[in-house]
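> sequence plus the predicted model coming up.
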Protein chains: 2
Amino acid sequence: MRYVSRNRPFVVRKGASSFPAFQKWNADYLSSTMKDLPVKVARTPCGNADSVLPIGNEGHVFIKPHEIEQPFRHVLEKIQEQELCPGRFAGPTCYAQTQNDNLRNEYASLFDDVPKSIPFARVALEKEPDAINFWLGNSHSTTALHKDNYENIYVQIIGQKHFVLLPPVESPCVNEKSLLAATYKPRDIELSEEDLIVQIDEPKEYVPFATWDPDAREQNGTTYSPYSRPLRVTLSEGDMLYLPALWYHKVSQTCSSEGICCAVNYWYDLDFSGSFWAMSNFVRGAGLVSLQQN
Amino acid sequence: MRYVSRNRPFVVRKGASSFPAFQKWNADYLSSTMKDLPVKVARTPCGNADSVLPIGNEGHVFIKPHEIEQPFRHVLEKIQEQELCPGRFAGPTCYAQTQNDNLRNEYASLFDDVPKSIPFARVALEKEPDAINFWLGNSHSTTALHKDNYENIYVQIIGQKHFVLLPPVESPCVNEKSLLAATYKPRDIELSEEDLIVQIDEPKEYVPFATWDPDAREQNGTTYSPYSRPLRVTLSEGDMLYLPALWYHKVSQTCSSEGICCAVNYWYDLDFSGSFWAMSNFVRGAGLVSLQQN
């Protein structure tokens, strides 16, 4: 409750070690539980969605993955194959990353292996989770720097996740731009599902998104970016991160020896009733105005 | 703890009814306990310190009271006399309002009648009070709109206090100005202590202070003042107010039938470790810059 109040992150090392998922989940267990149930998977040429993509005439676009439904075991195999046999692998990078409460829906057969809520979060936030998400990918996928309007409890089950974290007051550092939205699509769906090209969404839509990468500080920054002091934390198996609402985060991953990285996260609605939401947005807005004037 | 987190006030009606002070304090008790112990008292021509005073050449000054030490019973009598026999009374308005932890110092003989800390505040804030203050005045004194860098538990013991409250995000409404500091002084200390005049402090000092009065909305406002939506709350005997850090407050008072108004407040240091302090000051600073540009 005090950390929520201060909007400050913390890690509980091995905080999830009592979860059945922590004991039971591995490639075999996931495969034998999920079998060939259809799951949505994000496919990208290089593990780069949802993110900023430079393209010829448009400058940069906000690129979304090609999302298709495939049997779970097929997706798991593709993820492992790319990680373990990179020489043999060709094709898009797959990441099961639908953030639509998938663990209570398409992955429902795995949901018994995790708690329905995180007790300390339920008490602190006085809420049940809005969404519980299952994540399965490999080291080829990176989640670009972004923020969510949620309080987040992120639980690492298999492999490692590497977080770069920026507090909401650093919004003037991230060079937020309004980017034209685009989606990866197969070039010719009859010939191949594998060859993905960029297609601008119709009707045209613009998405506000961070264009600065804290791992490439010298590029695409604002006058404020040099002052950013990112926190870096790695979650290992069983670790639990409280990622406070509106914190920017970039996430990369390291696989277990089975070539997978698997996590679960709990999203709780943020508290809009105090001054935090209003003041954070004011800081963001003032930063944007200031940068337009520069 | 949740209210602190949201920086939102609340009142516990009769929350102090178990305090010995609530049962025991009245004019007789205060008089027989404090006797002629010397206490500091603030003296002003019309109950108007610390506040904004318009003066000829300087525009407005920040006026501080004439503070002297007098026997407690003399001060109590003056306060009662002004309230109960206004026709007979002449002289400055007296207000025992030193906010320097006086209840653990000059009023120490009354300190046994209140708790050493407020249990719910100690738990929520994880601190002991920085200062515990005793207040004794009458309806002629008003505390001008201001804010404190403290979490405040305000406990009404005798009479009523009337609060006008503005949240920190309304700082652009209060028309903060840098005012020349001045102090009331007796015109001629040999002839009379009663006739107070304004003396500019030496060396000259400037104090940032709210110059807008939410009870005179049309005067001295900024372009933002019309949007202010003050909260108003009256504390009666035994009521307890959580006045969150950085909230602007203006306080007036109504006396008991004995012609006194008496309160105690607990100041707890605010939590500077989260985003609240930084963002509140940013909002204040942005408001000041914006108003300079208008």
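Perfect, I can see it now. Numbering: from 1, shown residues only, chains lettered A, B, ... in the order given.

> dump stretch A:124-142 to CSV, keeping only the CA atoms.
C-alpha atoms of stretch A:124-142 as CSV (Å, rounded to 0.1, in the frame of the first residue of the first chain):
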residue,chain,number,x,y,z
ALA,A,124,-3.5,-2.6,-1.2
LEU,A,125,-5.6,-1.8,-4.3
GLU,A,126,-9.0,-2.9,-2.9
LYS,A,127,-9.7,-4.5,-6.3
GLU,A,128,-9.8,-7.7,-8.2
PRO,A,129,-7.6,-7.9,-11.3
ASP,A,130,-9.1,-6.5,-14.5
ALA,A,131,-7.0,-8.8,-16.6
ILE,A,132,-4.6,-11.7,-16.1
ASN,A,133,-2.3,-12.3,-19.0
PHE,A,134,-0.1,-15.3,-20.1
TRP,A,135,3.1,-14.5,-22.0
LEU,A,136,5.1,-17.0,-24.0
GLY,A,137,8.0,-16.0,-26.2
ASN,A,138,11.7,-16.2,-26.7
SER,A,139,14.7,-13.9,-26.6
HIS,A,140,14.0,-12.6,-30.1
SER,A,141,11.0,-10.6,-28.9
THR,A,142,11.4,-7.3,-27.1
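
> surely A:Asn102 touches A:Lys40?
Yes: the pair A:Asn102 / A:Lys40 is scored as a contact, 7.5 Å apart, by CB atoms under 8 Å. (Glycine included, C-beta is placed from N, CA and C.)

> which of those two has more neighbours?
For A:Asn102 and A:Lys40, the more surrounded residue by other CB atoms under 10 Å in any protein chain shown is A:Asn102, and the numbers stand at 21 against 17.

> re the thing from before, hey, what's in contact with both of A:Asn102 and A:Lys40?
Common contacts of A:Asn102 and A:Lys40 (CB atoms under 8 Å, 6 or more residues apart in numbering or on different chains): A:Ala96.

> tell me which helix or strand comes right after the lowest-mean-pLDDT helix or strand in chain A.
When each helix and strand of chain A is scored by mean pLDDT, DSSP states H and E, strand A:192-200 comes last, with a mean of 85. Note on strand A:192-200: by DSSP states H and E, the next helix or strand toward the C-terminus is strand A:206-210.

> in whichever helix or strand comes after that next one, which residues are buried?
Downstream of strand A:206-210, the next assigned helix or strand under DSSP H and E is strand A:231-235. If you call a residue buried by 16 or more other CB atoms under 10 Å in any protein chain shown, then strand A:231-235 has these buried ones: A:233, A:235.

> for strand A:231-235, name the packing helices and strands.
Using 3 or more CB pairs under 8 Å, 6 or more residues apart in numbering or on different chains; DSSP states H and E, the elements in contact with strand A:231-235 are strand A:160-166.

> now do the strand it packs on against strand A:231-235, angle only.
If you take axes from the mean of the first three to the mean of the last three CA atoms, to 10 degrees, strand A:160-166 sits at 160 degrees to strand A:231-235.

> neighbours of the residue of the stretch 101-250 of chain A found nearest chain B, how many?
Chain B sits closest to A:Val169 of the stretch 101-250 of chain A, with a gap of 5.9 Å, by CB to the nearest CB. The tally of other residues near A:Val169 (other CB under 10 Å) stands at 18.

> can I assume it sits in a strand?
No: read with DSSP: H, G, I helix; E, B strand; the rest coil, A:Val169 is helix and lies in no strand.

> contact partners for it?
Residues near A:Val169 by CB under 8 Å, 6+ apart: A:280, A:283, B:275, B:278-279, B:282.

> where does the stretch 51-200 of chain A dip in pLDDT?
In the predicted model, the stretch 51-200 of chain A carries pLDDT under 70 at residues A:58, A:191-193.

> which positions in the stretch 151-294 of chain A make contact with chain B?
A:167-169, A:271, A:273-276, A:278-280, A:282-283, A:286 (CB under 8 Å from any CB of the partner chain).

> this completes my enquiry, with thanks.
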